[in-house]
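> structure for the following, please:
(2 chains, ligands or ions: 1)
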Amino acid sequence: MSNKKIVVIGGGPGGLETANALARLGYSVEVLEKEEVLGGHIRHWYKLFPNLKDADEVIDFLKERAKNPNITISMGEAMSEMTKNGNTFEIKTSKGRDITADVVIAATGFEAFKAERKEEFGYSVYNNVFTSVEIEEMLRSKGTVTTREGKVPQTVAIVHCVGSRDEKVGNFYCSRVCCICGVKQAIEIRKLLPDSQVFNYYMDMRMTGQYFEELYRESQEKWGVHYIRGRVSEASQTIDGMIQIKAEDTLLAKPVIKKVDMLILMVAIEASPSTAQIAKQFDIEYDYGFIRSRDRHNEDQYTPVDGMFAVGTAKGPQTLKETLADARATAEQVAEYLKTSSNE
Amino acid sequence: MNQIEGKQKIWAEYQKEIGDDNFFFVRSCIRQSFFPGSEQTFLKIMREYLGKRVIEDYRHTTCTGIGYHSDIVKLPTIETVVARHFSLMAENGCENYVPSCVTSFGIYSEILDTWEHFPDEKERIAQFLKEATGRTLATPKNLAHTSDIIYKFRNEIAAKAKFKLVNKKTGQPLKVVEHIGCHYSKMFAKRSQGGQEFPHVLVGMIEAWGGEVIDYPERRHCCGFGFRQYLVMANRGYSVANSYKKFESMEPYHPDFIVANCPGCAMFMDKWQYTIGSMEGRTFDQEGKGIPVLTYEEMAGLVLGIDPWELGMQMHQIPVETLLDKMGVDYDPDKKFLGFNDEQLPKPPEIVFQRD
Ligand code: SF4
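Numbers count the residues shown, from 1 in each chain, chains lettered A, B, ... in the order given. This is a model prediction of the structure:
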């Protein structure tokens, strides 16, 4: 259909599904994936919100669709450098390959906020402070949640907005997925450990997607999850190895000190180094290192650079559902772009 | 990752540059009354033990920090006072500015940062300085707190140590509570040694000299000073309550002593223990005598074998003898209250903490 070279940078859900959709439209696509496995962050995930579907189901679906003669997947190969030369992009890969591409799709995604940066929460200092990502990995590998010493937790606190909506770390934005992730993990813990108590410390609960509000409600009515409106100011370790947190309950207007067995930090979505590299180099940075689209409403899959498209969390926080829809839209926009006489 | 590895990772990110020699040293207003031996000890260690050049200038004044934090002194005023201090440093041919007070260190850090971000403000202050004193504004190449300097030379001090922070009888490391002044690292983490929440500045000294640091739940809680908590007399109960909270939290770890790098912290943790002991008959140590509170110069001085009374440790409200005995430091109890020329100073009554 077209002899144009299309390269997707990143083999996470956004990149894979863009390639899948393009392949189905008849285009040949090469996907560069820096890891030796496909699936991006989602492969660390246990279940998905809001319907608690196995994350593997989505990965398997995407990988199955990618078994298409129009798709070449280059594993363990990252984009190291990329320049624009006239109408084409010159890509150097980590394996030393030079690729000339007519169309590039940045599916370079996000990176979880490094929780150590919020020193006050003691992540990496105190044993039983975890990130939301670690909890997903633990649920995947063990099917349950325990302290690092292998103890069944009685009390768990979940802290929202870790690295998001936080002037101190320079991230004013909301990561959009962590409130619902906190709700989901709280339910998972309560289901697995009915004797436990789970407390979510939040600024405001942002149920940004369909059925999120329902899950939030279910977490309270059916699973007895507690919600405390207030930010945690500090975490420290007690002599018996528990985590002591200090917060303010802004609804009761009272300071709270609580000892918990585990503290889980809902870490922010930040631009991945590759996302930030592309955004900076091509001067298409939105804010915080994410890639700016040409127009938020009308041309959200295009970037300001002709021939370059961006998909999913490379443009900012998105849910998986939004990323998959964005990927399908991106494929359609790429096809439209290639069909115009000057590009075909 | 264990606690220590986690902290080391954080510490590695906050390594600040500290001058090596040629220091312009400025004293603290309150330390000279509360711990008068400490600044002298700093100078002694620097000059006699480490062979460094440290310059002082009698024209240096208060930084007005306490007035500033109580809303009495306005920002342009304190900036001009600080600008004058910096020009004294330049006049003495120094570039490494070393304040002994953590409040001042915070003030200097804040003002340097303000000038960096608002060059117009710097210009304005340079003008004020010129009009008020005829001086020209200079800024230090390096700003470090005196605790940073001792930290930097901690291994050299360890090499000359006569005593270790070890219980001589048991051979076990002494358990030490370290307390960092808020204005050392909480305002500008990048100007601290080791970051905002787990600074390394005192930990580094304690570990280099053989002690063991205690991390207790209220480690980062305010010492109780907090300026307004204390300066407004009606708030003093609040000040004591904050200190109480810390003592209660550290008690189960059985600390042998507390060390602080801020004059206010050392003073309040020392004096409020006495206050609580007198009011409630309550102490937080096992012997019922209170937990000695040291400055880092005193800690360094003891390690180097300087006589505790020369260090000024008789000025403490909580007696330090329990610690001296644990370390095996030789001291003459009869000389505790001798002044210069062996003149006998008034002896305070022996303290017995008990509820009325
Ligand atoms: S989604 Fe919730 S937890 Fe995440 S940044 Fe937004 S408000 Fe905070």
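> residues near A:His149, how many?
No His there; residue A:149 is Glu. Here the count is done by other C-beta atoms under 10 Å in any protein chain shown, and A:Glu149 has 9 residues near it. C-betas here are computed from N, CA, C, even on glycine.
> sec struct for it, please.
Under DSSP: H, G, I helix; E, B strand; the rest coil, A:Glu149 falls in the coil class.
> surely it and A:Asn127 touch.
Yes. Using C-beta atoms under 8 Å, A:Glu149 is in contact with A:Asn127, at 7.3 Å.
> so what sits against both of these two?
A:Gly241 (C-beta atoms under 8 Å, 6 or more residues apart in numbering or on different chains).
> for the ligand, what's the nearest residue on chain B?
B:Glu197 (21.3 Å; C-beta to the nearest ligand atom).
> what's the answer for the stretch 201-344 of chain A, then?
A:Arg206 (4.3 Å).
> next, the contact list for that residue, please.
A:Arg206 neighbours (C-beta under 8 Å, 6+ apart): A:174, A:176, A:179.
> that one and A:Tyr216, how far apart?
10 Å (C-beta to C-beta, to the nearest Å).
> please apply the same query to A:Val104.
From A:Val104 to A:Tyr216 the distance is 39 Å (C-beta to C-beta).
> more crowded one of these two?
Between A:Val104 and A:Tyr216, counted using other C-beta under 10 Å, A:Val104 has the larger neighbour count: 27 against 24.
> quick check: phi and psi on that one?
phi -120, psi 130 (degrees, to the nearest 10).
> give me the pLDDT value at it.
On pLDDT, A:Val104 comes in at 98.
> can you pull out the strands in the stretch 201-350 of chain B?
B:212-213, B:257-260, B:293-295 (DSSP state E, counting those that start in this stretch).
> okay if I get these as JSON lines plus distance to A:Leu25, mean neighbour count and mean pLDDT?
Conversion of those to JSON lines gives the following (distance: least, C-beta to C-beta, whole Å; neighbours: other C-beta atoms under 10 Å in any protein chain shown; pLDDT from 0 to 100):
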{"stretch": "strand B:212-213", "distance to A:Leu25": "63", "mean neighbour count": "18", "mean pLDDT": "96"}
{"stretch": "strand B:257-260", "distance to A:Leu25": "69", "mean neighbour count": "26", "mean pLDDT": "98"}
{"stretch": "strand B:293-295", "distance to A:Leu25": "74", "mean neighbour count": "29", "mean pLDDT": "97"}
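> would you mind giving the ones you listed as JSON lines with distance to chain A added?
Below are these laid out as JSON lines (distance: least, C-beta to the nearest C-beta, whole Å):
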{"stretch": "strand B:212-213", "distance to chain A": "13"}
{"stretch": "strand B:257-260", "distance to chain A": "17"}
{"stretch": "strand B:293-295", "distance to chain A": "21"}
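> any chance of the ones you listed in CSV, with distance to the ligand too?
Output for the strands of the stretch 201-350 of chain B, formatted as CSV (distance: least, C-beta to the nearest ligand atom, whole Å):
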stretch, distance to the ligand
strand B:212-213, 34
strand B:257-260, 36
strand B:293-295, 41
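> give me the number of residues near B:Trp115?
21.
> state the helix or strand in which it lies.
In the assignment (DSSP states H and E), B:Trp115 maps to helix B:102-117.
> ok, which of the strands of the stretch 201-350 of chain B comes nearest A:Ser196?
Closest to A:Ser196 of the strands of the stretch 201-350 of chain B is strand B:212-213 (C-beta to C-beta; 32.8 Å).
> which secondary structure elements does the closest one sit against?
When contacts are defined as 3 or more C-beta pairs under 8 Å, 6 or more residues apart in numbering or on different chains; DSSP states H and E, strand B:212-213 packs onto strand B:175-179, helix B:201-208.
> how much space separates the closest residue to B:Arg53 other than its chain neighbours from chain A?
Of all residues not flanking B:Arg53 in the chain, B:Asn22 sits nearest, at 5.2 Å (C-beta to C-beta, 6 or more residues apart in numbering or on different chains). Counting by C-beta to the nearest C-beta, to the nearest Å, the gap between B:Asn22 and chain A amounts to 33 Å.
> check the residue of the stretch 251-356 of chain B found nearest chain A and give its pLDDT.
Relative to chain A, the nearest point of the stretch 251-356 of chain B is B:Pro252 (5.1 Å; C-beta to the nearest C-beta). The confidence metric pLDDT takes the value 97 at B:Pro252.
> contact partners for it?
A:239, B:216.
> how close does it sit to B:Lys246?
Note on B:Pro252: its distance to B:Lys246, by C-beta to C-beta, is 13 Å.
> quick check: pLDDT value at residue 132.
You didn't say which chain, so I picked chain A. With respect to pLDDT, A:Ser132 has a value of 98.
> wait, chain B
B:Ala132 is assigned 96 on the pLDDT scale.
> which SS class is it?
helix.
> ok, the closest residue to B:Met299 other than its chain neighbours - contacts?
Closest residue in space to B:Met299, ignoring its immediate chain neighbours: B:Val259 at 5.2 Å, by C-beta to C-beta, 6+ apart. By C-beta under 8 Å, 6+ apart, B:Val259 lies in contact with B:176-179, B:202, B:205-206, B:266, B:293-296, B:299.
> and the helices in the stretch 101-250 of chain A?
A:132-142, A:178-192, A:212-221 (DSSP state H, counting those that start in this stretch).
> does the last one reach the ligand?
No. Helix A:212-221 stays clear of the ligand (C-beta under 6 Å from any ligand atom), getting no nearer than 9.8 Å.
> can you give me the distance of B:Arg59 to B:Val352?
For B:Arg59, the distance to B:Val352 - C-beta to C-beta - is 46 Å.
> no, scratch that, I was asking about A:Arg206
Distance from A:Arg206 to B:Val352, by C-beta to C-beta: 59 Å.
> ok, now B:Asp330?
To B:Val352, B:Asp330 is 26 Å away according to C-beta to C-beta.
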